[in-house]
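> Provided below for reference: sequence and predicted model.
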Amino acid sequence: MVRTVADTGSTNADLLALAQAGAGEGMWLRADRQSAGRGRQGRDWASPAGNLYASVLVRLRPSDPAAATLALVAAVALDETVGTFLPDRARLKWPNDLLIDGAKLSGILLERAADAVVIGIGVNLAHHPDLPDRPATSFSAAGVAVEPAMFLDVLAEIFSRWLSRWRGEGLAPIRARWLERAHPIGTALTARLSDGTAIDGLFDGLDPDGALNLRLASGERRVIHAADVFLL
Ligand SMILES: O=C(O)CCCC[C@@H]1SC[C@@H]2NC(=O)N[C@@H]21
């Protein structure tokens, strides 16, 4: 079920409130515009009309894989959806960004309250921000026009298929698909931790739980659970 509103603060905030009021799994909330869009690491997510701003609710079950791995489920679903409109242009970057030629096309933000996980997805369809330190792009910059509602119709169907696989088969097929669609093993990157520490290394795959593996220049292997990642 998709509920659409013209304006709101944040679809993530609204869906968390709806979850607390008893909303069920599979509910999507889409806004034409957000006035307080939330990004990762406490950043704002600029949300003018024309892009996709949508959130979906997942209710965790005791037998589910780790909740944090829903980030990879959302990423592979979004990548597949983007590929239906822009075949073979975007690549995944850990944990869940999509990039075209190094520029960010979309972002995903997971927020949790008890058994409710809200997965918020922003896709630059018509516009993208102009940030000197974080290059961004959009569908329109790639020469493709897509309406948010139409994009969400496709995404909702593809997401529900990957969510069922996550529940039925575990993380393995999602992890495998993510690895196929991401930067290759050996890609040089910097992981910036929330305390500001920057760790340079080579991409060395994912842990079984989806954490990032980095091979440092010293040969040491680091497992990163939360960071901003920059490809070098
Ligand atoms: O920083 C990121 O990369 C994540 C951005 C997530 C933005 C989306 S837009 C829909 C949903 N509502 C929000 O307030 N944020 C997410």
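Sure, I can see it.
> so what's the most centrally placed residue in the chain up against?
The centre of the chain sits closest to Ile108, judged by C-alpha atoms, centre = their mean, with a distance of 2.9 Å. For Ile108, the residues meeting the contact criterion (C-beta atoms under 8 Å, 6 or more residues apart in numbering) are 71, 74-75, 78, 96-97, 119-122. All C-beta atoms are positioned from the backbone trio N, CA, C, and that covers glycine.
> one more time with 6 Å, if that's ok
74, 96, 121 (C-beta atoms under 6 Å, 6 or more residues apart in numbering).
> Around the ligand, pick out the residues from this protein.
Along the chain, the residues adjacent to the ligand under the rule C-beta under 6 Å from any ligand atom are 10-12, 34, 37-40, 43, 45, 53-55, 107-109, 120-122.
> Give me the buried subset of those.
When neighbours are counted using 16 or more other C-beta atoms under 10 Å, these contain these buried positions: 10-12, 34, 37-38, 40, 45, 53-55, 107-109, 120-122.
> buried set for the lowest-mean-pLDDT helix or strand in the chain?
For the chain, scoring each helix and strand by mean pLDDT, DSSP states H and E identifies strand 228-231 as the least confident one, at a mean of 92. Neighbour-count burial for strand 228-231 flags 228-230 (criterion: 16+ other C-beta under 10 Å).
> Which elements pack onto that strand?
Taking 3 or more C-beta pairs under 6 Å, 6 or more residues apart in numbering; DSSP states H and E as contact, the helices and strands that strand 228-231 lies on are strand 188-192.
> ok, residues contacting the next helix or strand after the strand it packs on?
Using DSSP states H and E, the helix or strand that follows strand 188-192 towards the C-terminus is strand 198-206. Judged by C-beta under 6 Å, 6+ apart, the contacts made with strand 198-206 from elsewhere in the structure are 175, 183, 185-192, 213-216.
> Now pLDDT too, for the residues you listed, in JSON lines please.
Below are these laid out as JSON lines (pLDDT from 0 to 100):
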{"residue": "Arg175", "pLDDT": "96"}
{"residue": "His183", "pLDDT": "92"}
{"residue": "Ile185", "pLDDT": "96"}
{"residue": "Gly186", "pLDDT": "97"}
{"residue": "Thr187", "pLDDT": "96"}
{"residue": "Ala188", "pLDDT": "97"}
{"residue": "Leu189", "pLDDT": "96"}
{"residue": "Thr190", "pLDDT": "96"}
{"residue": "Ala191", "pLDDT": "96"}
{"residue": "Arg192", "pLDDT": "94"}
{"residue": "Asn213", "pLDDT": "97"}
{"residue": "Leu214", "pLDDT": "97"}
{"residue": "Arg215", "pLDDT": "98"}
{"residue": "Leu216", "pLDDT": "97"}
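> who wins for neighbours among those?
Neighbours were tallied for each of the contacts of strand 198-206 (criterion: other C-beta atoms under 10 Å), and the maximum of 22 neighbours falls on Leu214.
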